[in-house]
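>>> Sequence plus predicted model, see below.
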Amino acid sequence: MMQRVVELRFAIFVFSLAEELTRTFLSVYIKQLFEPVPGLSMEMVIGAPIALFMLLWAVSQPIAGSLSERRGRRAVFLAGALMSFAGLAGSGLATDLVQLVAARCLTAIGYASVFIAAQGFVIDATDPKQRAQAIAMYAGGILSAGVCGPAIGGVIAGQVGFRTTFLISAGLALLAAFMAWQVLPRVRAAQGKSSRGLRLSDAALCLRNPRFVGLAVFSAVPAKLGLTALLFFLLPLALDDQGVSQSWIGRVLLLYWLLMIVVQPMAAKLSDRSGQRTGFLVAGGLIAAGAAWVLSMPGSLGTALAGVALLGVAHAMLGAPQLAMLADVCVKERAALGETTVIGMFRLIERLGSVVAPFLAGLFLAHYGYAGALKGIGAVLAACVAVQLLLSAIFRKHPPADLPQRTPA
């Protein structure tokens, strides 16, 4: 079965590449289709399709996960890939903003279905001893697409235009469906017990834990907010407004993923050795805020590259320590709900940052311009670090009462 996981990784890479090709120009493309909406600024309207995509992606994953348990991984993967094909093709053929929003919503549901079905298959197909390696292999396909996609998509868009690039992306989604059709088994793997979906009571239990709130709401959410607002929304618009070509915008975004690949393993090792999870989260949050301020400075591509590099380093410092700290702060919740449910709730809350980001960035952009919007996002990220530190200090974990307390010499 491990061989099938290896083969599925290529299908996931191709599928992820389909969306990543559009990353550099999506906000610019939306701007070209802009139509006035009473009561909303142009910047807010531009952010709506991106926010809806992120919202539907987050909401659809638990539903798609439940469906894949009942209907099988293969069926859900193929259905999701076909929906993404239709959504990407519809995005390229859209003649107005309403058509584009509908197409992006369809793409979001498709993407959620594919990723949750693929992840479920990886878990089904491996025993616990191989599972970490298999998940890393699966994640590697997604990360590789993140590295290649923006740069390749920028070059293609510069040569053939935005619409044709969307159609090429649709073709890749269809190719991924064909690859999965050959790799995934027709019959659902036997399950001892189906995993249940997330419930509102799960959220209530987790959110009653102030240390979970500090980690999820004031560390994970700002990380996604910064990624979406800075890298996917404001920066492409700002560089395009300065006359930077799509191919160069793609190269700028590429630097983020390269640094994630290089720095993340080193940050994970240092975090484990030092045990200073909070220190890594604070440092990563502050560097992300600093990246936003660097991006707001007037200058050439050098300034943009420096800001993107800082953002890549910041987010590389956050990933592993966040999950490690989640296990530390949610001992009771993991015992009551199970580790998978707690992680699922954490990821669902985390994605709210991606939903809020386009609207918040659009609001800042409408009132303060590109430099002001970038600084505004930086200020929000810095404020979140301050709240996280405050919650950590107030609700610091105390040693058990039966352990002897150290007395000063």
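In hand now; what should we look at? Nothing here was measured: the structure is a model prediction, and the numbers come from that model.

>>> Please spell out the segments of the stretch 151-300 of the chain that come in under the pLDDT threshold.
For the stretch 151-300 of the chain, applying pLDDT under 70 flags the ranges 187-200.

>>> nope, the stretch 1-150 of the chain is what I meant
Looking along the stretch 1-150 of the chain with the criterion set at pLDDT under 70, you get 1-3, 127-133, 135-137.

>>> And the strands in it, which stretches?
Using DSSP state E, counting those that start in this stretch, the strands of the stretch 1-150 of the chain do not appear at all; there are none.

>>> biggest helix in the protein by residues?
Determined from DSSP state H, the single longest helix within the chain is helix 352-394.

>>> quick one: average pLDDT of that one?
This predicted structure assigns helix 352-394 an average pLDDT of 92.

>>> wait, residue 153 sits on residue 22?
Yes: between residue 153 and residue 22 there is a contact at 6.0 Å, judged by C-beta atoms under 8 Å. Glycine gets a C-beta too; all of them are placed from N, C-alpha and C.

>>> what residues are shared contacts of those two?
Here residue 153 and residue 22 have 165, 169 as joint contacts, going by C-beta atoms under 8 Å, 6 or more residues apart in numbering.

>>> For those two, indicate the residue with more neighbours.
With neighbours defined as other C-beta atoms under 10 Å, residue 153 and residue 22 compare such that residue 153 has more, 30 against 24.

>>> could you list every residue that touches the more buried one?
Contacts were defined as C-beta under 8 Å, 6+ apart; by that measure residue 153 touches 20, 21, 22, 23, 24, 25, 165, 169, 246, 250.

>>> Adding distance to residue 366 as columns, could you present these in CSV?
Rendered in CSV, the data for the contacts of residue 153 read as follows (distance: C-beta to C-beta, whole Å):
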residue, distance to residue 366
20, 28
21, 29
22, 24
23, 23
24, 23
25, 21
165, 28
169, 29
246, 24
250, 27
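
>>> Most neighbours among these, which one is it?
residue 24 (36 neighbours).

>>> Can you list phi and psi of that residue for me?
phi -70, psi -30 (degrees, to the nearest 10).

>>> Please verify my assumption that it contacts residue 251.
No: with contact defined as C-beta under 8 Å, residue 24 and residue 251 do not form a contacting pair (9.2 Å).

>>> anything in contact with each of these two?
Shared contacts of residue 24 and residue 251 (C-beta under 8 Å, 6+ apart): residue 154.

>>> on that earlier part again, closest to residue 236 among the contacts of residue 153?
Using C-beta to C-beta, the shortest approach to residue 236 within the contacts of residue 153 belongs to residue 24, at 5.7 Å.

>>> Toward the C-terminus, what is the element adjacent to the helix or strand harbouring residue 313?
Using DSSP states H and E, the secondary-structure element containing residue 313 is helix 301-329. Toward the C-terminal end, the helix or strand that comes next after helix 301-329 (DSSP H and E) is helix 331-337.

>>> in the helix or strand that that next one is followed by, what counts as buried?
The first helix or strand that comes after helix 331-337 along the chain, using DSSP H and E, is helix 339-350. Judged by neighbour count (16 or more other C-beta atoms under 10 Å), helix 339-350 contains these buried residues: 341, 342, 343, 344, 345, 346, 347, 348, 349, 350.

>>> From residue 322, how far out is the last one?
Spelled out, that is residue 350. Residue 350 sits at a distance of 9 Å from residue 322 (criterion: C-beta to C-beta, to the nearest Å).

>>> residue nearest the centroid of this protein?
Centrality entry for the chain: nearest residue to the mean C-alpha point is residue 224, 6.2 Å, by C-alpha atoms, centre = their mean.

>>> what packs against the longest helix of the chain?
Other elements packing on helix 352-394 under the criterion 3 or more C-beta pairs under 8 Å, 6 or more residues apart in numbering; DSSP states H and E are helix 42-71, helix 210-215, helix 221-226, helix 235-241, helix 277-296.

>>> Could you identify which of those is most buried?
Of the helices and strands packed on helix 352-394, the one with the most neighbours on average (mean count of other C-beta atoms under 10 Å) is helix 221-226, at a mean of 25.

>>> What lies in contact with that one?
Residues from elsewhere that reach helix 221-226 (C-beta under 8 Å, 6+ apart): 284-285, 288, 291-292, 311, 314-315, 318, 322, 349-354, 356-357, 360, 377, 380-381, 384-385.

>>> Residue 385: neighbour count?
Applying other C-beta under 10 Å, we find 21 other residues in the vicinity of residue 385.

>>> Need the residues that contact stretch 371-379.
Residues contacting stretch 371-379 (C-beta under 8 Å, 6+ apart): 225-226, 229-230, 234, 238, 289-293, 295-298, 360-361, 364-365, 368.

>>> One more: stretch 251-258?
For stretch 251-258, the surrounding residues in contact (C-beta under 8 Å, 6+ apart) are 23-24, 143, 146-147, 150-151, 154, 231, 235-236, 239, 301, 304-305, 308-309, 311-312, 315.

>>> which of these count as buried?
23-24, 143, 146-147, 150-151, 154, 231, 235-236, 239, 304-305, 308-309, 311-312, 315.

>>> CA atoms of whichever helix or strand residue 201 is part of as CSV?
Secondary structure here is read from DSSP H and E; on that basis residue 201 sits in helix 200-207. The C-alpha atoms that make up helix 200-207 are tabulated as CSV, following Å, rounded to 0.1, in the frame of the first residue of the first chain:
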residue,chain,number,x,y,z
LEU,A,200,-20.2,22.6,18.3
SER,A,201,-19.7,21.0,21.7
ASP,A,202,-16.1,20.3,20.7
ALA,A,203,-15.5,23.9,20.0
ALA,A,204,-17.0,25.0,23.3
LEU,A,205,-14.8,22.6,25.2
CYS,A,206,-11.6,23.8,23.4
LEU,A,207,-12.5,27.5,23.7
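
>>> ok, residue 266 - how many residues close by?
Using other C-beta under 10 Å, residue 266 has 11 neighbouring residues.

>>> Can you tell me the SS state at residue 298?
Classification of residue 298 by DSSP: H, G, I helix; E, B strand; the rest coil places it in coil.

>>> what comes up buried for the helix or strand hosting residue 171?
In the assignment (DSSP H and E), residue 171 maps to helix 162-183. Residues 162, 165-166, 168-170, 172-177, 179-180, 183 are the ones in helix 162-183 that count as buried (16+ other C-beta under 10 Å).
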